[in-house]
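Engineer: quick one: sequence plus predicted model below, questions after.
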Amino acid sequence: MNSKFICDKEYTGEDFIKNSLEIADYENCTFSNCNFSNTDLSNNSFVECIFVNCDFSNAGLKQTSFREVKFKNCKLLGLRFDECDVFLLSFQFEECNLNFSSFYQLNIQKTIFDGCKLQEVDFVGTDLSDAIFSNSDLNKAVFENTNLEKADFRSSYNYSFDPESNRVTKAKFSKEEVIGLLYKYNIEID
């Protein structure tokens, strides 16, 4: 736990490149139109916070805590979520760009990705059981030894992974996109 506790505060239009975000425990705070790109957010704690229209591209997240955090319309390029504090790690993403980010070996069951760009995201070894991928682009996202049991891919697209290298029991897929599960066979389907 950090020595400083900040609760119920709103941050709007802050550029944290110029003025670094103070290392603290943030609870029930709202960050709107803030720039965190290339900043170091290590050792901060965010509980029940909301980030709207923020840019986190390439921010450092070592031992950062995200608990019940919502990201809406945020740019989260190249983030290493796998370096976060894993204790009670939980978040959801709406209309976010998470391209090139990593969730390597995280336990993020029931996570919601709604309308997100998830191109070339690393989900290797991740527990995504009961996760929802709604209207999300998963082009070149990497799934290997990933728990996808009961995950919902029905409205997502461009996913391609080997069901034999992942746990997919009771996962949901659309007829149109299920072809992405057959890529390894190098077959043509009309």
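Structural biologist: Looks like it came in fine. Numbers count the residues shown, from 1 in each chain.

Engineer: where in the chain is pLDDT low?
Structural biologist: Residue ranges of the chain with pLDDT under 70: 1-2, 179-180, 182-190.

Engineer: now the strands for it?
Structural biologist: Ranges of strands within the chain are 5-7, 10-12, 25-27, 30-32, 45-47, 50-52, 65-67, 69-72, 91-94, 112-114, 132-134, based on DSSP state E.

Engineer: the third one: partners in the sheet, and parallel or antiparallel?
Structural biologist: When sheet partners are counted by DSSP bridges, strand 25-27 sits next to strand 5-7 (parallel), strand 45-47 (parallel).

Engineer: in it, what's buried?
Structural biologist: 25-27 (16 or more other C-beta atoms under 10 Å). Where C-beta positions appear, they are placed from N, C-alpha and C, glycine not excepted.

Engineer: dump the strands of the chain to TSV, plus distance to residue 83.
Structural biologist: Formatted as TSV, the strands of the chain follow (distance: least, C-beta to C-beta, whole Å):
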stretch	distance to residue 83
strand 5-7	23
strand 10-12	23
strand 25-27	18
strand 30-32	20
strand 45-47	14
strand 50-52	18
strand 65-67	12
strand 69-72	16
strand 91-94	14
strand 112-114	19
strand 132-134	23
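
Engineer: residue 122: which of the buried residues of strand 25-27 is nearest?
Structural biologist: residue 26 (26.6 Å; C-beta to C-beta).

Engineer: was I right about the closest one contacting residue 44?
Structural biologist: Yes: judged on C-beta atoms under 8 Å, residue 26 makes contact with residue 44 at a distance of 6.8 Å.

Engineer: coming back round to it: switch the strands paired with strand 25-27 over to TSV; also include mean neighbour count.
Structural biologist: Shown next, in TSV, are the strands paired with strand 25-27 (neighbours: other C-beta atoms under 10 Å):
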stretch	mean neighbour count
strand 5-7	13
strand 45-47	20
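
Engineer: okay, these in a markdown table with distance to residue 39 next?
Structural biologist: Shown next, in a markdown table, are the strands paired with strand 25-27 (distance: least, C-beta to C-beta, whole Å):
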| stretch | distance to residue 39 |
| --- | --- |
| strand 5-7 | 17 |
| strand 45-47 | 14 |
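
Engineer: so which of those strands gets nearest residue 34?
Structural biologist: Ranking the strands paired with strand 25-27 by proximity to residue 34 (C-beta to C-beta) places strand 45-47 first, at 12.3 Å.

Engineer: distance from that closest one to the middle of the chain?
Structural biologist: What separates the centre of strand 45-47 from the centre of its chain is 16 Å, taken as C-alpha atoms, centre = their mean, to the nearest Å.

Engineer: which non-adjacent residue is nearest residue 66?
Structural biologist: With sequence-adjacent residues excluded and distances taken as C-beta to C-beta, 6 or more residues apart in numbering, residue 66 is closest to residue 91, at 4.9 Å.

Engineer: make that residue 89, sorry
Structural biologist: residue 66 (6.0 Å).
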